[in-house]
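Q: Provided below are the primary sequence and the corresponding predicted coordinates.
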Amino acid sequence: MRWTHWVNFPVLTIMIWSGMLIYWANDEYKITIFGHTYVRFFPDWYYNLLHIPQRLAEGMAFHFLFMWFFTLNGFFYVLYSIISGEWRYLLPNKHSFKEAWLVLLHDLHIRKTAPPQGKYNAAQRIAYTAIIVMGVGSVITGLAIYKPVQFYYLTWLCGGYHLARIWHFVLTIGYVLFFLVHIIQVILAGWNNFRSVISGFEVVNEQPQPAVETTKEDEKA
Amino acid sequence: MKKPEKELTVEQKIKRRNFISFTVFGVLAASAYEGWRWLYKSPDETAGVTAGAHAPLRRALNKTEIFFRRLTFSENHLVKTYPKEMAAANVRHNSDIGSAGVLPPENWKLQVTKKNGEVMQITLDQIKEIPKTDIVYDFKCVEGWDQIQHWAGVRFIDFVKHFGLDDEAKMDYVGLATPDKKYYVGIDMPSAIHPQTILAYEMNDKPLQGRHGQPLRLIIPVKYGIKNLKRIGTMTFSNTRPPDYWAEQGYDYYSGL
């Protein structure tokens, strides 16, 4: 889980960046409600700041290389989760949706107590499962716009070529929102938690003496 | 005999494991960064049939395209077609390179170079003797836009049969260029003889207008718009990739859909 997590971080960053190089060539998406445009993806100052304009060909070249790493990495993660049985901690169960609400209230300091949890709490189960589903969605919508004739069934599944491109874009916005919440949560969870995502274990102060003493006794004997 | 190593305390173990983990993490992160810098700053490919892309990225593009072509391409995979009423009245148009202004059809002939070097001069009227085929489909531009458009002309495969170009169609590529040679494309033969590939002389039931590549243009639904050459002047056949305008500017040579 740690390995794929840290591989995914730079790969997804590159995918989003090269995706923006491609999107720039036909940047027609915006959020308009009752004729008023609230958000336009993206304003000129944003493009210029990131040196995005006029790099469509380059963007496609990067995108079509790193798509392999993104897909393979996701594939290995899912495979590992299934083989190791870790999916049990991750997939939401029948209580998760109710409990996630309580977790949310707790995190927003509206409620004092949080429901009991395993490795992931209910909200995490839903969020982390959703992000995997989104990853699969990005691959499917991506293939649907990459080869819409050969993968006509995927394009059909996405509601046509035009809609598939919109889904692909919306999923990317979803990653960015996920990332923002994720970072805030990581900061709130503290150093020990962050360290565990790198080293693989968390330090829990639980009086580990007995185990050590037994080994010593064994040596004497 | 060696002294037995001192048992590490739990705290030392934790420290050691954390140290190892963070070192490994740091080294991997640094090498990932270096790898990225290498790729990002890698020199452009040597200019040839393709140009303008980072050399490693061009290799990856070519490999990826071949992979998907072998995996999925079939002439039985047809582009989705739509009823005529859905076709756009205002057909989008991006560029006039090689097809600006008006070329009267009577002043135009399609020059087809055959395998034996013979050059055929084909008039529009001769082409119109072949049964006409209509197609209404979603035209896709490499920029990301798409539009349902209605075109009509002769299927490339019918054109080949009619003019006895069967031997030529056994070669790997067909090269097309505008009369002034300013715009040119190379098409792999399986895509060219795909049943929906059309040499079009009509749009929305009317003869082609100036900006849409009159008198005759290529409509190849299994490719991005950049391969749909306007105003065809010459046609050649080869077993090596013919020059391609956008492939020389960093785009994928195949650009198939």
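A: Done, it's in. Numbers count the residues shown, from 1 in each chain, chains lettered A, B, ... in the order given.

Q: how many neighbours does residue 58 have?
A: Answering for chain A, as no chain was given. Look at A:E58: counted by other Cβ atoms under 10 Å in any protein chain shown, it has 18 neighbours. Where C-beta positions appear, they are placed from N, C-alpha and C, glycine not excepted.

Q: Oops, wrong one, chain B.
A: Neighbour number of B:R58 under other Cβ under 10 Å is 21.

Q: Next: B:A89.
A: 6.

Q: Now do the contacts for it.
A: B:N204 (Cβ atoms under 8 Å, 6 or more residues apart in numbering or on different chains).

Q: Distance of it relative to B:L57?
A: Using Cβ to Cβ, to the nearest Å, one gets 40 Å for the distance from B:A89 to B:L57.

Q: what do you get for A:I83?
A: 34 Å.

Q: Neighbour count: the two, which is higher?
A: B:L57 (22 against 9).

Q: Work out for me the element the more buried one sits within.
A: Element membership of B:L57 [criterion: DSSP states H and E] is helix B:55-72.

Q: Might you quantify the distance of that helix from its chain's geometric centre?
A: 12 Å (Cα atoms, centre = their mean, to the nearest Å).

Q: Counting by contacts, list what it packs against.
A: Applying 3 or more Cβ pairs under 8 Å, 6 or more residues apart in numbering or on different chains; DSSP states H and E, we find helix B:55-72 packed against helix A:56-84.

Q: angle of the helix it packs on against helix B:55-72?
A: 60 degrees (axes from the mean of the first three to the mean of the last three Cα atoms, to 10 degrees).

Q: so how far is the next helix-or-strand element following helix A:56-84 from its chain's centroid?
A: Later in the chain than helix A:56-84, the nearest helix or strand by DSSP H and E is helix A:87-90. Relative to its parent chain, helix A:87-90 has a centroid offset of 16 Å by Cα atoms, centre = their mean.

Q: Over to stretch A:71-81?
A: 13 Å.

Q: same deal with stretch A:124-144?
A: With Cα atoms, centre = their mean, you get 8 Å for stretch A:124-144.

Q: Show me which positions of that stretch end up buried.
A: For stretch A:124-144, the buried set under the neighbour-count rule, 16 or more other Cβ atoms under 10 Å in any protein chain shown, comprises A:124-129, A:132, A:134-135, A:137-144.

Q: just the strands in chain A please.
A: A:30-33, A:36-40 (DSSP state E).

Q: wait, which of those strands is closest to B:V222?
A: Across these, B:V222 has its closest neighbour in strand A:30-33 (31.3 Å, Cβ to Cβ).

Q: okay, that closest one in CSV with CA atoms only?
A: Output of strand A:30-33 as CSV, limited to C-alpha atoms (Å, rounded to 0.1, in the frame of the first residue of the first chain):
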residue,chain,number,x,y,z
LYS,A,30,-16.9,26.0,-17.0
ILE,A,31,-19.5,26.1,-14.2
THR,A,32,-22.4,28.2,-15.3
ILE,A,33,-25.6,28.5,-13.2
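
Q: Quick check: neighbours of that strand in the sheet, parallel or antiparallel?
A: Paired strands of strand A:30-33, with direction, are strand A:36-40 (antiparallel) (DSSP bridges).

Q: quick check: mean pLDDT across the strand it pairs with?
A: Strand A:36-40 carries an average pLDDT of 71.

Q: which element follows the helix holding B:L57 toward the C-terminus?
A: From helix B:55-72 onward toward the C-terminus, using DSSP H and E, the following helix or strand is strand B:110-113.

Q: Close to chain B: what parts of chain A are there?
A: A:6, A:10, A:14, A:22-23, A:25-26, A:28, A:56-58, A:60-62, A:64-65, A:68, A:146-152, A:160-162, A:165, A:195, A:198-201, A:203, A:208, A:212, A:215-216 (Cβ under 8 Å from any Cβ of the partner chain).

Q: Look up how far chain B lies from the residue most central in space within chain A.
A: Per Cα atoms, centre = their mean, the C-alpha nearest to the average position across chain A is that of A:I131, at 4.4 Å. Look at A:I131 and chain B: by Cβ to the nearest Cβ, to the nearest Å, they are 21 Å apart.

Q: List the contacts of the residue nearest to that residue when sequence neighbours are not counted.
A: In space, and not counting its chain neighbours, A:I131 is closest to A:F178: 5.8 Å by Cβ to Cβ, 6 or more residues apart in numbering or on different chains. A:F178 is in contact with A:A127, A:I131, A:M134, counting by Cβ under 8 Å, 6+ apart.

Q: In terms of pLDDT, where does A:F178 sit?
A: 89.

Q: likewise B:T178?
A: B:T178 is assigned 91 on the pLDDT scale.

Q: And the residue nearest to it when sequence neighbours are not counted, its phi and psi?
A: Closest residue to B:T178 in three dimensions, ignoring its sequence neighbours and counting by Cβ to Cβ, 6+ apart: B:G98, at 3.1 Å. Backbone dihedrals for B:G98, given as degrees, to the nearest 10, come out at phi 80, psi 0.

Q: if I look at B:G98, how far off is chain A?
A: 19 Å.

Q: okay, now B:H194: neighbour count?
A: 27.

Q: Next, the contact list for the residue in the stretch 151-257 of chain B that chain A sits nearest to, please.
A: Scanning the stretch 151-257 of chain B for proximity to chain A using Cβ to the nearest Cβ identifies B:G250 as nearest, at 3.4 Å. With contact taken as Cβ under 8 Å, 6+ apart, B:G250 is in contact with A:A57, A:E58, A:A61, B:A51, B:G52, B:A53.

Q: Spatially nearest residue to A:A114 (excluding sequence neighbours)?
A: A:H106 (4.1 Å).

Q: quick one, what contacts that neighbour?
A: A:K112, A:T113, A:A114.

Q: What of A:F66?
A: A:V11, A:I14, A:M15, A:S18.

Q: in the chain, what spans have low per-residue confidence?
A: All of this refers to chain A. A:35, A:37-38, A:202-221 (pLDDT under 70).

Q: let's do chain B instead
A: For chain B (pLDDT under 70), the answer is B:1-6.

Q: can you map out the helices along it?
A: In chain B, the segments counted as helices under DSSP state H are B:10-40, B:55-72, B:124-128, B:156-162, B:189-192.

Q: Stretch A:186-200: how far from the chain's middle?
A: Remark: stretch A:186-200 is offset 17 Å from the chain centroid, using Cα atoms, centre = their mean.

Q: pull the CA atoms of that stretch into CSV?
A: In CSV, the C-alpha atoms belonging to stretch A:186-200 read as follows (Å, rounded to 0.1, in the frame of the first residue of the first chain):
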residue,chain,number,x,y,z
VAL,A,186,-2.6,14.3,7.2
ILE,A,187,-1.5,17.4,8.9
LEU,A,188,-4.2,17.0,11.6
ALA,A,189,-3.3,13.3,12.1
GLY,A,190,0.2,14.3,13.0
TRP,A,191,3.8,13.1,12.4
ASN,A,192,3.5,9.6,13.8
ASN,A,193,0.8,8.8,11.3
PHE,A,194,2.6,10.3,8.4
ARG,A,195,5.8,8.5,9.4
SER,A,196,3.9,5.2,9.3
VAL,A,197,3.0,5.7,5.6
ILE,A,198,6.7,5.8,4.9
SER,A,199,8.1,3.2,7.3
GLY,A,200,5.1,0.9,7.5
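
Q: Good, wrapping up.
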